[in-house]
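Visitor: Here you go, sequence then predicted model.
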Amino acid sequence: MTASRVLVLNSGSSSVKYQLLDMADRSRLAMGLVERIGEETSRLVHEPLAGPGAEAGRRERLGPIADHEAALKAVAAELAADGTGLDSPELAAVGHRVVHGGTRFTQPTVIDDEVLAEIRSLIPLAPLHNPANVTGIEVARSLRADLPQVAVFDTAFHSTMPEHVARYAIDAATADKYAIRRYGFHGTSHAYVSRATAALLGKPVEDVNVIVLHLGNGASASAVRGGVCVETSMGLTPLEGLVMGTRSGDLDPAVVFHLARVGGLSVDEIDSLLNKKSGLLGLCGDNDMREVQRRADGGDPAARLALAAYVHRLKKYIGAYTAVLGRVDAVVFTAGVGENAAAVREAAVAGLEELGLALDLEANAVRSGEPRLVSPEYARVAVAVVPTDEELEIATQAYALVTQ
Ligand SMILES: Nc1ncnc2c1ncn2[C@@H]1O[C@H](COP(=O)(O)OP(=O)(O)O)[C@@H](O)[C@H]1O
Ligand SMILES: CC(=O)OP(=O)(O)O
Ligand SMILES: [Mg+2]
């Protein structure tokens, strides 16, 4: 029996998403989620999709899960209960989403002690994400030491950005000393979605220029020319760019000085303010787009303002990346908001006819889990909705590395 399964762990700041895939036919054997880690109301949802566990169906467990270590052990126990635990001989690798890879990691990488140490050293550049990724690697290794663990980096796809795009216009020696440059994130999603969009258009990826809008809790835009990333909205950390659920995105850096000097806030307090209490949450008190939309539809002024700010920033990036690419074949929406919020797509594209964009309102309103065009045939620039699948992409890259 050849081992063809890959377990993918996608650890976020307060959640763990996971999938068990069989790469022989790219099928999903199980998937699940642990959310609200560290709170009293943690929730684990485990869904076996094939094999002996599938009969019993979806399982849900409520109750406190203290930290990522406990969460990952609970996930391992659920998989073991289905007979698909980490001890399974069919497992070929564990693929880990690692958010920050710095300048060194631009390819999927088998994790040894030295690689793990390097990932740990990047924690200051992704304090909300890399610690959880490190814990995921440690727990998986402790459960199955002989299994290859592969890191797939959010930053990797963006490493092709030209130097003049990646550089901030600050003192060069200081930038080099502290590794300050634009790295970009959600790269696994931008890579997968840009390729899937070329397939949807029926063209080779080399011939297609796309603007990808990944709108989840974190949100980022990218400009992809012929399959190669040339620009993205996140920077040194996942704070720059679009308005997000709890992150401000772009602002004048002097806001930080002002809050410190005049407001008396500490650096940690400002960090927390901009990363965790800003964005939609800061503007209207809710970070879930569904709730913001519900309130805005009811006429709530703060929710309307938050939504307008979110959409305005999207428009600015669509315009900017149109200029960067010169010719755009498609603007693509993905992730939780991009795939589901038809009204956000409609508002973001409205008024951009001069750029060649148009929306088919009927097609845009259809709910579907499939990649689809939502623009009329005459539109010079297609508008598409393409569901992202970071887990499948991570599994594909990890499996290719361990079987090459
Ligand atoms: N039907 C929907 N309408 C609008 N927004 C939605 C809908 N479903 C999910 N979302 C939004 O998607 C976000 C989560 O997106 P997701 O891609 O899962 O994020 P992440 O991977 O960063 O956790 C939620 O915060 C929510 O605002
Ligand atoms: C990098 C990043 O912002 O990730 P997420 O959207 O999962 O928070
Ligand atoms: Mg995500």
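Guide: Right, received. Where do you want to start? Ligands and ions are numbered 1, 2, ... in the order given.

Visitor: alpha carbons only for contacts and neighbour counts from here, please
Guide: Will do.

Visitor: L265 in helix, strand or coil?
Guide: Classification of L265 using DSSP: H, G, I helix; E, B strand; the rest coil returns coil.

Visitor: And the nearest residue to it once chain neighbours are set aside, which helix or strand is it part of?
Guide: Spatially, and ignoring its direct neighbours in sequence, L265 is nearest to L259 (5.9 Å; C-alpha to C-alpha, 6 or more residues apart in numbering). Per DSSP states H and E: L259 is located in helix 254-261.

Visitor: Average pLDDT for that helix, rounded please.
Guide: The pLDDT scores in helix 254-261 average 98.

Visitor: how much space between R247 and ligand 2?
Guide: 9 Å (C-alpha to the nearest ligand atom, to the nearest Å).

Visitor: Doesn't that residue belong to a helix?
Guide: No. R247: not assigned to a helix; according to three-state DSSP it is coil.

Visitor: Touching, H186 and T155? I think so.
Guide: Yes. Counting by C-alpha atoms under 8 Å, T155 is a contact partner of H186 at 7.1 Å.

Visitor: shared neighbours, the two?
Guide: Common neighbours of H186 and T155 (criterion: C-alpha atoms under 8 Å, 6 or more residues apart in numbering): V99.

Visitor: residues in contact with S278?
Guide: So S278 contacts G245, T246, R247, S248 (C-alpha under 8 Å, 6+ apart).

Visitor: Then G85?
Guide: Neighbour list for G85: A76, A77, E78, L79 [criterion: C-alpha under 8 Å, 6+ apart].

Visitor: same thing with V8?
Guide: Y18, Q19, L20, L21, V94, G95, H96, R97, E391, I394, A395.

Visitor: host element of it?
Guide: For V8, the host element (DSSP H and E) is strand 5-11.

Visitor: That strand pairs with which strands, and in what direction?
Guide: Here strand 5-11 is paired, per DSSP bridges, with strand 16-22 (antiparallel), strand 91-98 (parallel).

Visitor: Most tightly packed of those strands?
Guide: A comparison of the strands paired with strand 5-11 by mean neighbour count, using mean count of other C-alpha atoms under 10 Å, puts strand 91-98 on top with a mean of 27.

Visitor: tell me what the helix or strand following it is packed against?
Guide: The helix or strand immediately downstream of strand 91-98 is strand 109-110, counting by DSSP H and E. Other helices and strands packing on strand 109-110, by 3 or more C-alpha pairs under 8 Å, 6 or more residues apart in numbering; DSSP states H and E, are strand 149-153.

Visitor: can you give me the mean pLDDT across the helix or strand that the strand it packs on is followed by?
Guide: Once the chain leaves strand 149-153, the next helix or strand it forms, by DSSP H and E, is helix 163-166. What helix 163-166 shows for mean pLDDT is 98.

Visitor: what sits up against the next helix or strand along the chain from helix 163-166?
Guide: Next along the chain after helix 163-166, taking DSSP H and E as the criterion, comes helix 172-177. Residues outside helix 172-177 that contact it (C-alpha under 8 Å, 6+ apart): Y168, I180, R181.

Visitor: Give the PyMOL command for selecting the buried subset of those.
Guide: One line in PyMOL is enough to select the buried members of the contacts of helix 172-177, burial here meaning 16 or more other C-alpha atoms under 10 Å:
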select buried, resi 180+181
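
Visitor: In CSV, list the contacts of helix 172-177 along with distance to G338.
Guide: As requested, those are exported to CSV (distance: C-alpha to C-alpha, whole Å):
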residue, distance to G338
Y168, 28
I180, 30
R181, 27
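
Visitor: which of the contacts of helix 172-177 come close to ligand 1?
Guide: Among those, no residue lies close to ligand 1 (C-alpha under 6 Å from any ligand atom).

Visitor: if I look at L305, how far off is R345?
Guide: Relative to R345, L305 is positioned 17 Å away (C-alpha to C-alpha, to the nearest Å).

Visitor: Same check on F157?
Guide: Taking C-alpha to C-alpha, one finds F157 at 25 Å from R345.

Visitor: the more surrounded of L305 and R345?
Guide: Neighbours were tallied for L305 and for R345 using other C-alpha atoms under 10 Å; the higher tally belongs to R345 (25 against 16).
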